[in-house]
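1. 3D model of this:
(chains A and B)
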Amino acid sequence: MTDPTLLVLASLADGDKHGYAMMEDIQRFAAVRLGPGTLYGAITRLEERGWIRPVNTDDRRQPYRITGAGREYLGAQVASLDRVLKIAAKRLKHA
Amino acid sequence: MRRWIGWAAYLYPAAWRARYGAEFDALLDDANVRWRDLADVLRGALIMQMTSWKSYGKIAVAAAVGCAILALAGSFLIPNRYESRAVMRISPPPPASHPTPGVGDDDLVWRLGQMQAQILGRRALMDLIMIPTLDLYKEERKRMTIADVAERMRTKDLKIRLFEAPEARQQGTLAFVISFDYPDRYKARQVLRELSYKFMEMNYRQTRDAGLKGNPGMVLLQPPDLPESPALPNHIAFLWAGLGAGLLLGLLATLIWRRPKWALRMAGFAAAGCASALAVAYFIPDVYVSRAALRIAGTAGSAAIADRLQEIQQHILSRDNLARLIQLPYLDLYKKERADMPISDVAEKMRMKDIRIRLYQALPGRHALAFAISFSYPDRFKVQAMVRELSGQFVESSLGNSREQGYTVDLLENAYSPQTPASPNRLSIAILGAFAGLLIGLVTLRWRRSRRAQLTPAPAAA
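-> The predicted structure is shown next:
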């Protein structure tokens, strides 16, 4: 899975994070390094859709939080992927 | 590297930088950025630039500027054309010098028209083109017949503009500017020299033949000039056209970028409309039109001349005469129609639908009328032959007459064989089809959208 929006949502699902923290986290759990342009492209789109929102801070590093709509979307995507993965695994067993 | 990426970040839209700039900088400071991150940031900036409406405007403007520059550069590749000009003046004769009523009147426009018809007639221009020292339109003559080249020269490259001579002592004096544009400026001037001498010579002959005393003169006010700078191509016009085309292209591109599926569907509808229209147009037979220009002149006023023309016309376009022409072995027109209906009905249909006589507006006090006779038919050689027959009959009707004894009919321009059909205009049909397709597409997509909205169940209340 390399869709940056899903990766960002998945990263924020366990707590607020700023850009660099997201980058590190995604590299850790998905072994994908998102470049700064790609990461902020995804953040911009997610914020526009209302799936994440900035958290108040005085720091230059701006943390983000996943919204209810974002969780719902992530849940739907995960369920869909899960279905595909289960079917694929089942078929592999029978092959 | 950090510095390069920092500069690349300036390529993001200003609104984006105002919102995310500080935190993006913080990320660049924290992350161990590499060369490939520069490409990533550049790509991100490009995408951001392309996904805001403000940026669409910028893209359209950039496309307009780009196309304008290309059009301007392209205009410099077009060969230059130089326009040479000469100004001539023609004065009416003194009132006492009219030996015959209606001949030596102040009808300068008519006389000038008569001179033009002869000097700028197709035959005269063909001779001019072939003068060895001029040898005009070499390339065009390889592709087209000499008659077509002469026709193009007359309609596109030669211009005559008539106006009241402002500083003439005699009332009614007219001046006219004659201009010719050609890629070789020396030849442009030489052509105008030839033409202006011909005008002078013909004026002398006309006044001598009419027995006019004195000199109802034609004066060369400004001899043909040698143009210094080219008149064409008009670089400014190219620049504006490029700007307009670029703006349209830019807006179209942004629309496709913003709503690719919608744009693709609309393009499909337009293409289908265009293809259907072309398929329909394919079954419409080509129709060619040939035309001849004639002049009827007499000593009576224009109303009486028009009545005389009406009489001749009634005779020539009578059912019997047309039926005879239709059945001439070398014409043999309307074969299918003749199998289905009597020949007199075919002749009537031909007169009502395919033959046109257009009368040019006569000026008050003039003693001549110009008119054009045209015929449309699916065979380009037969249209020419038919118009030649008809115009020949008009001329024959006045044989033995003279202007003073009634009227004369002269052939100003003989019928030609058209190269291209006058109808159907397949390009217009294709464009219309494309527009119709777009319209149908708009309605269909809108209808499908509203239908989908009706079918989608409303979300359940929480």
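2. Regarding the chain, what is its longest helix?
-> The chain I'm using is chain A. Counting residues, the longest helix in chain A under DSSP state H turns out to be helix A:68-94.
3. hmm, I had chain B in mind actually
-> Longest helix in chain B, counting by DSSP H: helix B:426-455.
4. Which neighbouring elements make contact with the helix or strand of chain B with the lowest mean pLDDT?
-> Least confident helix or strand, chain B: helix B:108-119 with a mean of 77, by mean pLDDT, DSSP states H and E. Applying 3 or more Cβ pairs under 8 Å, 6 or more residues apart in numbering or on different chains; DSSP states H and E, one finds that helix B:108-119 contacts strand B:82-90, strand B:158-164, strand B:174-182, helix B:185-209, strand B:288-298. All C-beta spots, glycine's among them, are computed from the backbone N, C-alpha and C.
5. Could you export the ones you listed as a markdown table, including mean pLDDT?
-> Below are the helices and strands packed on helix B:108-119 laid out as a markdown table (pLDDT from 0 to 100):
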| stretch | mean pLDDT |
| --- | --- |
| strand B:82-90 | 90 |
| strand B:158-164 | 81 |
| strand B:174-182 | 90 |
| helix B:185-209 | 88 |
| strand B:288-298 | 86 |
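6. any chance of these in JSON lines, with distance to residue B:317 and mean neighbour count too?
-> Below are the helices and strands packed on helix B:108-119 laid out as JSON lines (distance: least, Cβ to Cβ, whole Å; neighbours: other Cβ atoms under 10 Å in any protein chain shown):
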{"stretch": "strand B:82-90", "distance to residue B:317": "37", "mean neighbour count": "21"}
{"stretch": "strand B:158-164", "distance to residue B:317": "33", "mean neighbour count": "13"}
{"stretch": "strand B:174-182", "distance to residue B:317": "36", "mean neighbour count": "21"}
{"stretch": "helix B:185-209", "distance to residue B:317": "33", "mean neighbour count": "18"}
{"stretch": "strand B:288-298", "distance to residue B:317": "14", "mean neighbour count": "22"}
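7. Adding distance to residue B:433, write the ones you listed out as a markdown table.
-> Listed next are the helices and strands packed on helix B:108-119 as a markdown table, based on distance: least, Cβ to Cβ, whole Å:
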| stretch | distance to residue B:433 |
| --- | --- |
| strand B:82-90 | 40 |
| strand B:158-164 | 36 |
| strand B:174-182 | 37 |
| helix B:185-209 | 43 |
| strand B:288-298 | 23 |
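8. quick one: the longest helix of chain A to chain centroid distance?
-> Here the centre of helix A:68-94 is set off from its chain's centre by 15 Å, with Cα atoms, centre = their mean, to the nearest Å.
9. check whether that helix contacts chain B.
-> No. Counting by Cβ under 8 Å from any Cβ of the partner chain, chain B is not contacted by helix A:68-94; separation bottoms out at 12.1 Å.
10. For that helix, buried residues please.
-> For helix A:68-94, a neighbour-count test (16 or more other Cβ atoms under 10 Å in any protein chain shown) marks A:70, A:73, A:74, A:77 as buried.
11. What's the per-residue pLDDT of the nearest residue to the first one once chain neighbours are set aside here?
-> Spelled out, that is residue A:70. Of all residues not flanking residue A:70 in the chain, residue A:51 sits nearest, at 3.2 Å (Cβ to Cβ, 6 or more residues apart in numbering or on different chains). With respect to pLDDT, residue A:51 has a value of 94.
12. Give me the neighbour count for residue A:51.
-> 22 (other Cβ atoms under 10 Å in any protein chain shown).
13. That one and residue A:64 touch, don't they?
-> No. Residue A:51 lies out of contact with residue A:64 (Cβ atoms under 8 Å); the separation is 9.9 Å.
14. Doesn't residue B:374 lie inside a strand?
-> Yes. Counting by DSSP: H, G, I helix; E, B strand; the rest coil, residue B:374 is part of a strand.
15. how near is it to residue A:25?
-> Here residue B:374 is placed at a distance of 83 Å from residue A:25 (Cβ to Cβ, to the nearest Å).
16. How about residue A:41?
-> Residue A:41 is 18 Å from residue A:25, where distance means Cβ to Cβ.
17. Give me the more crowded residue out of the two.
-> Remark: of residue A:41 and residue A:25, residue A:41 carries more neighbours, 23 against 18, as counted by other Cβ under 10 Å.
18. Quick check: phi and psi at that one.
-> Main-chain torsions, residue A:41, degrees, to the nearest 10: phi -60, psi -50.
19. residues in contact with it?
-> A:4, B:44, B:47, B:48 (Cβ atoms under 8 Å, 6 or more residues apart in numbering or on different chains).
20. Quick one: low-confidence residue ranges for chain A.
-> Counting by pLDDT under 70, chain A has low-confidence residues at A:1.
21. how about the strands in chain B?
-> B:82-90, B:158-164, B:174-182, B:218-222, B:288-298, B:355-359, B:368-377, B:407-413 (DSSP state E).
22. Please work out which residue of the stretch 201-350 of chain B is closest to chain A.
-> As assessed by Cβ to the nearest Cβ, chain A sits closest to residue B:258 within the stretch 201-350 of chain B, at 14.6 Å.
23. Return the per-residue confidence for that residue.
-> 74.
24. hang on, the earlier thing: could I get the helices and strands packed on helix B:108-119 in JSON lines, plus columns for distance to chain A?
-> Shown next, in JSON lines, are the helices and strands packed on helix B:108-119 (distance: least, Cβ to the nearest Cβ, whole Å):
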{"stretch": "strand B:82-90", "distance to chain A": "56"}
{"stretch": "strand B:158-164", "distance to chain A": "60"}
{"stretch": "strand B:174-182", "distance to chain A": "56"}
{"stretch": "helix B:185-209", "distance to chain A": "58"}
{"stretch": "strand B:288-298", "distance to chain A": "61"}
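25. just so I know, which of those lies nearest residue B:332?
-> Nearest to residue B:332 among the helices and strands packed on helix B:108-119 is strand B:288-298 (16.2 Å), distances taken as Cβ to Cβ.
26. for that closest one, packing partners?
-> Contact analysis of strand B:288-298 by 3+ Cβ pairs under 8 Å, 6+ apart lists helix B:108-119, helix B:302-316, strand B:368-377, helix B:380-396, strand B:407-413 as its packing neighbours.
27. Direction included, what does that strand pair against?
-> Partners of strand B:288-298 in the sheet, by DSSP bridges, are strand B:368-377 (antiparallel), strand B:407-413 (antiparallel).
28. quick one, which of these is packed in tightest?
-> strand B:368-377 (a mean of 21; mean count of other Cβ atoms under 10 Å in any protein chain shown).
29. from the middle of its chain, how far away would that one be?
-> Remark: strand B:368-377 is offset 20 Å from the chain centroid, using Cα atoms, centre = their mean.
30. tilt between it and helix B:380-396?
-> 150 degrees (axes from the mean of the first three to the mean of the last three Cα atoms, to 10 degrees).
31. Pop the domain breakdown of chain B in here.
-> Listed domain ranges for chain B are B:82-222, B:288-413 (source: automatic domain parsing).
32. Worst mean pLDDT among the ones you listed?
-> Minimum mean pLDDT among the domains of chain B: domain B:82-222, a mean of 80.
33. which stretches of the stretch 1-150 of chain B form helices?
-> With DSSP state H, counting those that start in this stretch as the criterion, the stretch 1-150 of chain B has helices at B:2-8, B:14-30, B:35-50, B:53-75, B:108-119, B:122-129, B:138-143, B:146-152.
34. got the contact list for residue B:190?
-> Residue B:190 is in contact with B:133, B:134, counting by Cβ under 8 Å, 6+ apart.
35. Repeat the analysis, applying 10 Å as the threshold.
-> Residue B:190 makes contacts with B:84, B:128, B:131, B:133, B:134, B:136, B:180, B:182, B:184, B:224, B:226, as judged by Cβ atoms under 10 Å, 6 or more residues apart in numbering or on different chains.
36. Thanks a lot, catch you later.
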